[in-house]
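> Curious how this folds, go ahead:
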Amino acid sequence: MVQTVLIYSMGEVIGDGLIKLPFIAGLRAAFPKSQISWCAAKGETVYAGPLKAVVSGYVDEVILEGRNGAAPADSLPWVKPFGGRKFDLVIDTQENLRRGGVARRGAGGRFVSAARHARDKDWPVAVTDRLARLLTLATDGQGAPKPLALTNPDALKAAEALLPSGPTYVGLAPGAGGQDKRWPLENYLELAGRVVAKGWTPVFLFGPEEAEDAAVAAREVPQALQPERNRTDGFAGVKGPLLVIALAGRLAAGVANDAGPGHMLAAGGAPLLSLQQDRRKSMKFRPAARRLEMLVSEDYGSGMGALPVDAAWEALQRLVSGAS
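Model (predicted):
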């Protein structure tokens, strides 16, 4: 019986942390009673920060301290990574062989390593598929990534208050870290208008730095909801990624650029239309949505503006019609 599990990584910034959430949910489903520890060998991970509340109930412990493989000297034979602890199962998610050797020393039982398989001809391109392969190997084919079911009761209550049952909600997340990755706001507004005409309810998801765009959307599409703004739900402490992931569970589908909100919607279980700029990157960093449509702007021309609203609308309708 597997009582203790160690997941070994170098660390996670927000994008890495979000893309790994379905893997974490699948891991907990495969090992519901095990103690799951997450080692960020370089000492930093969003699972100990912005996503701590999101992984509550999934990850029992985050290991940040100690000589755990980040430095070459950590490979010396007398160094004891993880404080000398041993785990029934170690899953090494990184692909460096030296560091994989350090991770191996924590295995008191089974050891599954991306570093061992990264040079295999059939090793997947997509990060989500690589994590799925590791989970399959660790569970003899029984485990698979899953949408995150939040354990935070306030998050679930907030989502229900902000998006009450009844309407068909469609999430729209126009933001992205770089302007070149953003589908033009006017295209999102046109898509929202089509959502309204269909009898559905558009739900705009804007970040804290996007107040100007949020104001434009409120003026141009007054029927749309913006649940993160002017809140009266009584759960103001539920915000950021935790709130978006909770809201995702109440959406018939979502539309997002190649950015964090798309991975949040995927992690929360929303069928997702992902709008990408670059085909190569879209393959590697594909969101782990349970149902996914992807459109790549370079298939239509130069820049995100080349991606037509008609193509997005057709893909969105397919997602909503099959969402149940």
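> Surely residue 99 is in contact with residue 9?
No: contact between residue 99 and residue 9 fails when scored by CB atoms under 8 Å: they sit 9.7 Å apart. Every residue, glycine included, has its C-beta placed from N, CA and C.
> Which neighbours do these two have in common?
residue 41 (CB atoms under 8 Å, 6 or more residues apart in numbering).
> Looking at these two, which is more packed in?
Neighbour totals were compared for residue 99 and residue 9, and residue 99 leads with 25 against 22 (other CB atoms under 10 Å).
> So which residues make contact with the helix or strand of the chain with the lowest mean pLDDT?
Ranked by mean pLDDT, DSSP states H and E, the weakest helix or strand in the chain is helix 279-284, scoring a mean of 82. Among residues not part of helix 279-284, those counted as contacts by CB under 8 Å, 6+ apart are 125, 126, 127, 258, 274, 276, 294, 296, 298, 299.
> wait, isn't the third one in contact with residue 19?
Yes: distance between residue 127 and residue 19: 5.8 Å, which falls inside the contact criterion (CB under 8 Å).
> neighbour count winner among those two?
Regarding residue 127 and residue 19, a neighbour count based on other CB under 10 Å identifies residue 19 as having more, with 23 against 19.
> contacting residues for the more buried one?
Contacts of residue 19 (CB under 8 Å, 6+ apart): 127, 128, 263, 285, 287, 288.
> Tell me the spacing between it and residue 61.
Plainly put, residue 19 is 21 Å away from residue 61 if you go by CB to CB, to the nearest Å.
> and what of residue 84?
Applying CB to CB, the value for residue 84 to residue 61 is 16 Å.
> how about the helices in the stretch 201-324 of the chain?
Applying DSSP state H, counting those that start in this stretch to the stretch 201-324 of the chain gives helices spanning 211-220, 240-248, 260-267, 279-284, 309-321.
> Give me whichever of those is most buried.
Among the helices of the stretch 201-324 of the chain, the stretch with the highest mean neighbour count (mean count of other CB atoms under 10 Å) is helix 260-267, at a mean of 29.
> what angle separates it from helix 240-248?
50 degrees (axes from the mean of the first three to the mean of the last three CA atoms, to 10 degrees).
> Give the other helices and strands that helix 260-267 contacts.
Counting by 3 or more CB pairs under 8 Å, 6 or more residues apart in numbering; DSSP states H and E, the packing neighbours recorded for helix 260-267 are helix 14-19, helix 21-30, strand 169-173, helix 240-248, strand 253-257, strand 272-276.
> repeat that for 6 Å
Where contact means 3 or more CB pairs under 6 Å, 6 or more residues apart in numbering; DSSP states H and E, helix 260-267 is packed against helix 14-19, helix 240-248, strand 253-257, strand 272-276.
> Show residues contacting the second one.
Same thing as helix 240-248. Residues from elsewhere that reach helix 240-248 (CB atoms under 6 Å, 6 or more residues apart in numbering): 51, 53, 54, 150, 155, 159, 264, 265, 267, 268, 269, 270.
> out of the contacts of residue 19, who's nearest residue 104?
Nearest to residue 104 among the contacts of residue 19: residue 127, at 22.0 Å, using CB to CB.
> Check what pLDDT that closest one gets.
What the model reports as pLDDT for residue 127 is 91.
> For residue 16, see how far away it is.
According to CB to CB, residue 127 stands 8 Å off from residue 16.
> what do you get for residue 263?
Following CB to CB, the distance that separates residue 263 from residue 16 is 10 Å.
> ditto for residue 307
Taking CB to CB, one finds residue 307 at 26 Å from residue 16.
> With neighbour numbers in mind, choose between these two.
Using other CB under 10 Å as the criterion, residue 307 and residue 16 rank with residue 307 on top: 22 against 17.
> residues touching the closest residue to that one other than its chain neighbours, list them.
Distances taken as CB to CB, 6 or more residues apart in numbering put residue 297 closest to residue 307, at 4.3 Å, once the chain neighbours are dropped. Residues in contact with residue 297 (CB under 6 Å, 6+ apart) are 277, 304, 306, 307.
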